[in-house]
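Visitor: Have a look; sequence and predicted model below, questions after that.
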Amino acid sequence: MDYGYGNEGCFQNVFRSFVCVTLSLLLGLQVYTYLWGPQDVIEGDFTDIKYVVMQLTHGLSEVTSKHEQLQSEMERMSAALPAVAAAAGRAKDALEPSRRSPRHALDIRDYDRQIADYALETAGARVIDTGDTTEHAIYESPVGWVLYVVSSVLCRDCPGAAAILRPGTLPGECWAFKGSRGEATIRLLGTVYVTGVSIEHIPAHISPTREISSAPRLFQLEGLEYRSDQYPHDFGTYEYKKDGKAIQYFEVQHPSTKAYNLVRFRVLSNWGHTVYTCVYRVRVHGDLALGQAPSQISKDDQELRIENE
């Protein structure tokens, strides 16, 4: 860290130049006096020169000493700054516990037992729409291809997209869609004040190809009033780091005072795979609307809200 040591060095150079110029002038004057002046005057002038030189040397020593003290003090302050910053961070977390991000406290090995997931299929959440997203599938036979085409025509829902709401995250247990952009509209298990979202992908060391370029990179989360809502609430755009932890938590960037039953998860890019993108697990976190529990929401009410367009 630079605290202006260059300026101090520049000042020293100027001071030394001044001393050299002064001494040169005095010596030149003495040489002139010695050649063309009386002897007694020369002896007195040399005494004066000695005194001046002593004063200048003393002043230079003081400047050097002050510079060394300042440099030592700056180094001590620089060494103390990280500790001060860490203490300030701890104090901020202690004063604002509600803004503390849970991603530092959660154990990735037992993630689902520490924070509620309102997009869990086994609790009642569903993927109800995938827009224009085209599912990527490998067909082992013509019959499999025909069944897939028929199911895609008859059902707007994407059968493979349900994988993002299920606990299993072994290699291949994901929703794969063509290209690097896709979306899924999720009906949560209740009306939720959304505070965060977690994305999970398999780590590279358990991938059969030893790389995860098909993992989502940039993604967006939106809150919807109904399925075809043209003015959704934008909770934020985030980046999943492929070299980070398998499960990554993201706090909403734009909180809403409104609770939502529908959210849209949109993948905007992946980490370089040119054919398809894989999404393994999406979790939505927050708090249920006051006075509401998942069991209090009837199936009829859910379907009515979804189709309210």
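Guide: Thanks, I have it.

Visitor: where does this protein dip in pLDDT?
Guide: Within the chain, the stretches with pLDDT under 70 are 1-12, 14, 30-50, 86, 89-108, 138-159, 291-309.

Visitor: mind checking the SS state of K241?
Guide: coil (DSSP: H, G, I helix; E, B strand; the rest coil).

Visitor: ok, for it, nearest residue in space, not its chain neighbours?
Guide: Counting by Cβ to Cβ, 6 or more residues apart in numbering, K241 lies nearest to Q248, which is 6.6 Å off, once chain neighbours are set aside. Backbone N, C-alpha and C define where each C-beta goes, glycine included.

Visitor: my guess is the one you found is in a strand, correct?
Guide: Yes: assigned with three-state DSSP, Q248 falls within a strand.

Visitor: is it true that it touches F219?
Guide: No: taking Cβ atoms under 8 Å as the definition, Q248 is not a contact partner of F219, at 10.7 Å.

Visitor: out of these two, which sits in the more crowded spot?
Guide: Neighbour count, other Cβ atoms under 10 Å: between Q248 and F219, F219 has more, with 23 against 18.

Visitor: How about the contacts made by H136?
Guide: When contacts are counted by Cβ atoms under 8 Å, 6 or more residues apart in numbering, H136 is found next to 176-178, 275-276.

Visitor: most surrounded residue in the residues you listed?
Guide: Result: F177 is most packed of the contacts of H136 (other Cβ under 10 Å), 24 neighbours.

Visitor: what's the burial count for the closest residue to that one other than its chain neighbours?
Guide: Spatial nearest neighbour of F177, chain neighbours left out: T133 (4.9 Å); criterion: Cβ to Cβ, 6+ apart. For T133, the count of nearby residues is 21 (other Cβ under 10 Å).

Visitor: shared neighbours, Q248 and F219?
Guide: The contact lists of Q248 and F219 share 199, 240, where a contact means Cβ under 8 Å, 6+ apart.

Visitor: just to revisit the earlier point, pull the contacting residues for the residue nearest to K241.
Guide: By Cβ under 8 Å, 6+ apart, the contact set of Q248 is 103, 198-200, 240-241.

Visitor: Wait, R16 touches T57, no?
Guide: No: with contacts counted by Cβ under 8 Å, R16 stays clear of T57, the gap being 11.1 Å.

Visitor: residues near V284, how many?
Guide: Neighbourhood size, V284 [other Cβ under 10 Å]: 25.

Visitor: Apologies, that question was intended for V21.
Guide: There are 10 residues near V21, going by other Cβ under 10 Å.

Visitor: oh, and call the first residue 240 from now on, that's how I've got it
Guide: Noted, 240 is the first residue going forward, which turns the last one into V260.

Visitor: So it belongs to a helix, correct?
Guide: Yes: the assignment for V260 by three-state DSSP puts it in a helix.

Visitor: coming back round to it: distance to E464 added to the contacts of H375, as TSV?
Guide: Shown next, in TSV, are the contacts of H375 (distance: Cβ to Cβ, whole Å):
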residue	distance to E464
A415	30
F416	25
K417	29
V514	35
Y515	31
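
Visitor: Now, those that are in helices?
Guide: Using DSSP state H, no member of the contacts of H375 sits in helices.

Visitor: What degree of burial does D526 show, as a neighbour count?
Guide: Other residues close to D526 by other Cβ under 10 Å number 13.

Visitor: of the contacts of H375, closest to L428?
Guide: The nearest member of the contacts of H375 to L428, counting by Cβ to Cβ, is F416 at 23.9 Å.

Visitor: if I read this right, that closest one contacts E374, doesn't it?
Guide: Yes: if you go by Cβ under 8 Å, F416 and E374 touch, sitting 5.4 Å apart.

Visitor: Next, the residue nearest to F416: secondary structure please.
Guide: Assignment for T372 (three-state DSSP): coil.

Visitor: Got phi/psi on it?
Guide: Dihedral pair for T372: phi -70, psi 130, per degrees, to the nearest 10.

Visitor: give me every residue that touches it.
Guide: Listed by Cβ under 8 Å, 6+ apart, the contact set of T372 reads 397, 400, 416, 420-423.

Visitor: What is the nearest of these to T361?
Guide: Of these, the one sitting nearest to T361 (Cβ to Cβ) turns out to be A400, at 15.8 Å.

Visitor: now the helices for the stretch 440-548 of the chain?
Guide: Assigned helices in the stretch 440-548 of the chain, in chain order: 538-545 (criterion: DSSP state H, counting those that start in this stretch).

Visitor: Which parts of it are strands?
Guide: Secondary structure of the stretch 440-548 of the chain, counting by DSSP state E, counting those that start in this stretch: strands at 457-463, 472-478, 486-490, 499-506, 515-518, 520-527.

Visitor: Quick one: list the elements packing against the second one.
Guide: For strand 472-478, the contact count by 3 or more Cβ pairs under 8 Å, 6 or more residues apart in numbering; DSSP states H and E identifies strand 421-439, strand 457-463 as packing neighbours.
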